[in-house]
Structure formats: C-alpha cells, structure tokens
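K.L.:
Fold the stuff below for me.
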Amino acid sequence: MRTDSSPGTLPAREHLPAGDAGTPVLDVVIPVYNEEKDLQPCVRRLHEHLTRTFPYAFRITIADNASTDTTPLVAARLEAEIPEVTNFSLEQKGRGRALRTVWSASEAPILAYMDVDLSTDLNALLPLVAPLISGHSDLAIGSRLAPASRVVRGPKRELISRAYNLILRGSLQARFSDAQCGFKAIRRDVAQVLLPLVEDTGWFFDTEMLVLAERAGLRIHEVPVDWVDDPDSTVHIVKTATDDLKGVWRVGKALATGSLPLDRLTRPFGDDPRDRDLTNVPTGLARQLVGFCVVGGLSTLFYLLLYSVFRQFSGSQIANALALLVSAIANTAANRRLTFGVRGRGGAVRHQAQGLVVFGIGLALTSGSLAALNAAGSSPAHSTELAVLIAANLAATVLRFLLFRAWVFPERGESNAGSTVVASHPLSSPTYSTSTPHGTTAPYAPLPQRPVPHPQPYPTATQVRAGEAADGSWRDATMRLQQVRPHDTDPGDPR
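P.N.:
Just a heads-up that it's a prediction; the model follows:
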C-alpha cells in the first residue's frame, strides 16, 4: 500500500538457515478456556505428531485464559511431564489476547496456533509452516473453503462461515478464503510489527490480523485442510457474529480514514538480491485502475447531478464549470485515499493543486465540446447536452488517470528521475533475538534440529497477567511478557 511516509521496516523474506541450536523453530500455541477434558489428549496427540514428523526443534505452549475448572492443573501436569510443553496462565479471557501475549513473548521464528479440539487434520501442519520457514510467505492459514478441502460439519455452521467470508469480501475487499479457521501461523518478524496494530482481543483477532496483513501487501499462504466439526464446541455463535460485525465496521472505518500505519509492513520489491535495484517498478496497476473506474463512475454521476442543479439558474458553461470544479475536488480526494493509497495530510494541498490542473484540462475538453455543440445548432436539447458531456468526460477520465498515476500520485521510485528501489537492510540472513539469563540480547542461531527428548523436572505453571512480566524461564531462554497494548485490560470480555 502506498503512502507518503518512509519505506517499510520489514526486510525481504529470507529462508531461515538450518543448523543446530537450542531455540525452538516452531512455537504452537493452544489457547484454552475450561478445557479440562480435551486438553491432555490434544497436547499429547500434537506432541506425538510433531516428534514423528517435524524435523526441527519445537515447543507447545498452553495459553490458559482464566479457566475456572481444573484446566490449569492439567496444563501444569503436562508441562512437568513433557519437556517441549510450556504453560502460561493469563487472568483475562480472550483468544486474541492470549495469542498476542504469548506470540509477543516467544523467541521462536515461526509462531502458530490451533484450537484445542484439533478439528483440523495435523497432516496440514508442516505444509502450513513450510512456506514461512522457506521465506516464501509471511502468514499461513488453513482453509476449509478451498476446493481441495474436505469438511464435515452441519449446514448451519457451513452457512454462517460462507456468509461471513462473503461479508469480508464485500466490505473489506478480503481475498483470503477462510478467516476463522483455528489453524494459522505467522513469521515472528512480521508478528512483531503487525500485532501492535491489531486491537481485538477475542475471536475477531484472526480476521483483523489477516485484513491488515493483506492490505499491507504481505503474502498469505492458504493450505486446504481436512476438518471435522466439534459438536461440543462452546463458541456462542450469535454473540461472536455480532462482535465480528462490529469489528468489520471498525476496521473498515480505520482503513477508509487511513489511520493505520500499514506502511510499516511493506516489503521491498523482490526477495532475490538481483531484484532489489530495479528501477521504476510498477505496482498495483490493476487495483488502481479498478479503483479509479469506481471513483470515476461515482464522480460522473455526482457531476451530472450538480450540472442539472446548476443548470436551473445559470447557463450551460457556468453550470459545467461549477459542477466540474466541485466534482474534481471530491474526485482528487477520493482517488488520493482509495485508489493510490496515500495516507495522512502530507502533500494534500499540492495534490489538490495538481488535481486542479487536471481539472483545467477536463474543463477545456468539456467546454470545448459544449461550444462545438452550440455552434453546430441553436438551442440543443438538454438530453443532447448530457450525451455530449458524457462522451467528453470519458475522454477526460482516461487522461485524468494517466496524469494522476504519472504526475499527481507517482510511485516512490518515479517521483525522482533515475532513482532506484533499494532495500534498506543488509543482504545477509536475518537474525532473531533471544533474551539470555543475564538480560542481554544474542542473535538467533541457525535452525536447530529436533533434540532427542529427555525427561527433566519442570516447575509449575507461571501465573502471569497479560501485559506484565513473567519470571519463569522457557528452558533455554528467559522470556519476559511485555505490555502489548496499554488499554488491553477489558474485564468484561465474555470469551
């Protein structure tokens, strides 16, 4: 997404290097609330699957959302018995809050989560995280609506799921197919920048994260999954749907007003070093053209309405000039925000001034067509005037798009002649920081191979609040839970 601010902070994606180290490559978070029955078989089944199939070191983190049954005791027992299991207890509910808290504290380069019911076939886990390890994608999601997916669930949930995704496509222009499947993964370097922008702490967390990532131009990989509905699910469908619709409205409003700094998430063009010095790289032409056509169509209707109103008390030339002036100002503002993705007030006056120059060209075309019409015959019919103006406006619209793209809202690389698109980071492999027991920061070593499990004593679950520090250790590194959002203390979240 284009902005007038500085280039994004994310470097080009790199394949994580392979080698031996103690830091887990994959951290799978299982958020739970009163799941004393399903937690143990879920964790043991997941651990057995990862031990048998995943070639690198991993960790399973149980994120307990203030359970009131014996779930904390079950989680503590699993942590003591299985070396790769860690338990975090939060005092507030909310799946999104749990994921944001644990993901923000984890040092693993690949972060994932799945629902405790394991409705998704675990054979999709390695295909889910492989594109993130290889550097191909930024996020990965399991999709129950992909053509190759095999899903067993009732018609009610099927209808709700498809209707929800249609709403996302229609309102937020989402292109991913399944927002709410509890089977997702994200690169840690992306999560560090993306998670602070996500406000929701409940079930809408997934959708908001995906919409913002997609709008910022990040790559989302979709994996078809085999999925069997859990008949004992405790999700409150009506309340969840209501909260999701509120979230759609909030995110849509934020995107429309440009209040989200999505430029922080932009990647440089090309992950191959040979592609990073390309000049004049075109981006988003198809999307810009569609957006410009939509804005242009609405502007034309607005212009014709204004012309008809002004024509009631003025001549055709004055009515045309006034209608074109007002609609041109509105058209420039709409294209600036919606078509070319320019956010903030910087350069707005200059853009409007340049837009008025484009308006002058359009005025010359339309005024010239009216003059030619009046010269051809006296007192032409109003319908004839409108037809001539429509034809002239179509020609002016094509010229307006070309001028907007090349002059008023040029790409960053096109604004200065001869400039090049250069990545603002070294071309070496990325490093991931971990906190040592002494509080220092050490670079993340190459991907570790999975160690041979060996039993060792583990302490009981560490009680932490969302946003407060944790004193417990995660085996080979001491992690601290930092405050993610200052206002993330909603005690009334029912989830």
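
K.L.:
Report the buried residues of the longest helix that the chain contains.
P.N.:
Ranked by residue count, the top helix of the chain under DSSP state H comes out as helix 348-376. Across helix 348-376, burial judged by 16 or more other Cβ atoms under 10 Å covers 351-352, 354-355, 358-359, 362-363, 365-367, 369-370, 373. C-beta: built from backbone N, CA, C; applies to glycine.

K.L.:
any chance of those residues in a markdown table, with pLDDT too?
P.N.:
Putting the buried residues of helix 348-376 into a markdown table (pLDDT from 0 to 100) gives the following:
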| residue | pLDDT |
| --- | --- |
| His351 | 87 |
| Gln352 | 87 |
| Gln354 | 87 |
| Gly355 | 85 |
| Val358 | 84 |
| Phe359 | 79 |
| Gly362 | 76 |
| Leu363 | 76 |
| Leu365 | 83 |
| Thr366 | 78 |
| Ser367 | 81 |
| Ser369 | 85 |
| Leu370 | 80 |
| Leu373 | 82 |
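
K.L.:
out of those residues, who's nearest Asp138?
P.N.:
Nearest to Asp138 among the buried residues of helix 348-376, counting by Cβ to Cβ, is His351 at 30.7 Å.

K.L.:
Report the contact partners of that closest one.
P.N.:
Thr332, Arg336, Val342, Val408, Phe409 (Cβ atoms under 8 Å, 6 or more residues apart in numbering).

K.L.:
So which of those is the closest to Phe183?
P.N.:
Distances from Phe183 to the contacts of His351, taken by Cβ to Cβ, are shortest for Val342, at 36.0 Å.

K.L.:
didn't the closest one look like it was pressed against Ala333?
P.N.:
No: the criterion here is Cβ atoms under 8 Å, and Val342 misses it with Ala333 at 10.2 Å.

K.L.:
For the two, indicate the residue with more neighbours.
P.N.:
Val342 (22 against 15; other Cβ atoms under 10 Å).

K.L.:
State the distance from the more buried one to Arg267.
P.N.:
19 Å (Cβ to Cβ, to the nearest Å).

K.L.:
Could you list the low-pLDDT ranges of the stretch 1-150 of the chain?
P.N.:
Along the stretch 1-150 of the chain, segments meeting pLDDT under 70 span 1-9, 17-22.

K.L.:
for the stretch 201-350 of the chain, that is, sorry about that
P.N.:
231-236, 268-284, 343-344.

K.L.:
repeat that with 90
P.N.:
201-203, 215-217, 227-245, 247, 252-304, 307, 311-350 (pLDDT under 90).

K.L.:
Break down it into its helices, ranges please.
P.N.:
Counting by DSSP state H, counting those that start in this stretch, the stretch 201-350 of the chain has helices at residues 205-215, 237-257, 285-310, 316-334, 348-376.

K.L.:
nearest to Arg144, of the ones you listed?
P.N.:
Closest among the helices of the stretch 201-350 of the chain, using Cβ to Cβ: helix 205-215, at 13.1 Å.

K.L.:
report the angle between the axes of the closest one and helix 237-257?
P.N.:
Angle between the axes of helix 205-215 and helix 237-257 is 30 degrees (criterion: axes from the mean of the first three to the mean of the last three Cα atoms, to 10 degrees).
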